[in-house]
Structures are given as structure tokens and as C-alpha cells.
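Asks: Okay, here's the prediction I keep looking at, along with the sequence it came from:
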Amino acid sequence: MHSATYLHDLLVSTIFTEGLDADMDLWTLGFNATWVHGADIETVASHFSLDLSTRTPCHLSDILDHNIDDGSQWVGEVGSWIGVVPGGSDNDQFILSLTADDRQALSFSMDISGNAWLKYARDGRMVVAFDPMSPDDRVGDDPHALDHMMEGLRFELSGPEVHENYVDTDESISSALALIGRVTETDMAADWFEALHSRVRPTSS
């Protein structure tokens, strides 16, 4: 039985390996990731301006150093989904452009200002987007499209006075990651965070 913050903690320990600044966290780093369904690797590489001829085996735990050195992005393929870290621009138009021709995309981002967003787009439209700490404030064409997949997940950042239902930030982030796993029908730990995939340099490198 994993803890309520398991996926958040695993992602942190994967990204920030030994030797990196112990004071860093996902918020300071400005973490973002994108998953795309219905596109081949060439299409995804084109959208992210990646040079597939530079593809090299890589674990997610190694991508930060390579990204700093040469702008490499981590690219994983599991089933019919392709994941990219860093996930490119958090601009809505970038996400929507990935979903033309009935494709789907999920994006998850955290920034140094404490903002976090989970977005799900399909066929050129934003289906639903929300802050994992404020899930009731959903926006999009169908704000409740993913509700049926949220059972058992806890997002709300409750006030500390409500001790019996308190949900902290790390649990909210874990719930967002778990929801991505449910939508993609993949195991976020085994299939993505711990798996060997590839790093790919940008076309400008």
C-alpha cells in the first residue's frame, strides 16, 4: 500500500538524484510534462522541434543534467501514448495544436509561483483544465469529462483547521499524476518514472 504522496515523492526522487541541489523541488525547477495519444513519434518530435537522429536511451533520472547541457528532452513511448519531459510550452495553443486530427493530449505543470495545472485536450479543443489544489474551478468545453476517473483521489488543498480531511500539496500533486495514469491506462511509476526510454536533442542543437 503506497502512501498518499507516493507519486509526488517518487517523481521528486527521480528528478533530483544524488549530487543535485538538495534544496531544489519541482516548484523551483518549473516542472512540466506532456502526454500525447494518436500521434506517431515523428509528429510529436516535429511539434517539440526534436531531432530523432539524436535519440539515446535514457532514464528520467538522468534527463535534468542532459537538459541543462544541451536542451535534451526525455521522450517515452508506452502503448499508444508518448510522454515528453520537459513538456514544452504550457501555452494552451501549443497543447491544442498537438491534438489536431482527433489526437488527445494531457499536460501537467508546476511553476515557481506555486501555480499548477492539469489539462486534457482532444481534437483541437480544451476539454478540461484545473489546478489540482482547486479542482472545483474546472474550465473547458466539458469540465466534468474526467470526473468518473477521480474516484478515491484527493485534490483539494483543505484548510489546516479541517484536520480529518486535510489534503496537502504533495497529495494533490500525487492525485493529479494518478489521474494521468488512469487516463493513459499506464503505471506512472513502472511505465514512466522508472522506465528506460530516450533523450532527444532539439533540432537547433
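Replies: Sure, I can see it. Numbers count the residues shown, from 1 in each chain.

Asks: in what helix or strand does the nearest residue to residue 90 once chain neighbours are set aside lie?
Replies: Setting aside the residues directly before and after it, residue 90 is nearest to residue 109 in space (Cβ to Cβ, 6 or more residues apart in numbering), at 4.7 Å. Yep, even glycine has a C-beta here, placed from its N, CA and C like the rest. Using DSSP states H and E, residue 109 sits within strand 104-110.

Asks: Show me what that strand is packed against.
Replies: When contacts are defined as 3 or more Cβ pairs under 8 Å, 6 or more residues apart in numbering; DSSP states H and E, strand 104-110 packs onto strand 32-37, helix 92-98, strand 116-122, helix 169-184.

Asks: Settle this for me: the residue nearest to residue 90 is touching residue 132, isn't it.
Replies: No: using Cβ atoms under 8 Å, residue 109 makes no contact with residue 132, being 10.6 Å away.

Asks: okay, and the common contacts of these two?
Replies: residue 116 (Cβ atoms under 8 Å, 6 or more residues apart in numbering).

Asks: Would you mind telling me which of those two has the busier surroundings?
Replies: Set residue 109 next to residue 132 and count neighbours by other Cβ atoms under 10 Å: residue 132 wins out with 25 against 19.

Asks: got the residue ranges for the strands in the protein?
Replies: Using DSSP state E, the strands assigned to the chain run over residues 32-37, 56-59, 73-78, 81-85, 104-110, 116-122, 125-131, 134-139, 196-200.

Asks: Could the C-alpha coordinates of the first one be exported in PDB?
Replies: Backbone C-alpha positions of strand 32-37 (Å, rounded to 0.1, in the frame of the first residue of the first chain) are rendered in PDB as follows:
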ATOM      1  CA  ASN A  32       6.200  20.300 -16.800                       C
ATOM      2  CA  ALA A  33       5.300  17.200 -18.800                       C
ATOM      3  CA  THR A  34       3.000  16.300 -21.800                       C
ATOM      4  CA  TRP A  35       1.500  13.000 -22.900                       C
ATOM      5  CA  VAL A  36       0.100  12.600 -26.500                       C
ATOM      6  CA  HIS A  37      -2.200   9.900 -27.900                       C
END
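
Asks: hmm, who's touching it?
Replies: Counting by Cβ under 8 Å, 6+ apart, 44, 80-88, 90, 95, 98-99, 103-110, 180, 184 sit against strand 32-37.

Asks: Report the mean per-residue pLDDT for it.
Replies: Averaged across strand 32-37, pLDDT comes to 97.

Asks: Can you point out the buried residues in that strand?
Replies: Buried residues in strand 32-37, counted by 16 or more other Cβ atoms under 10 Å: 32, 33, 34, 35, 36, 37.
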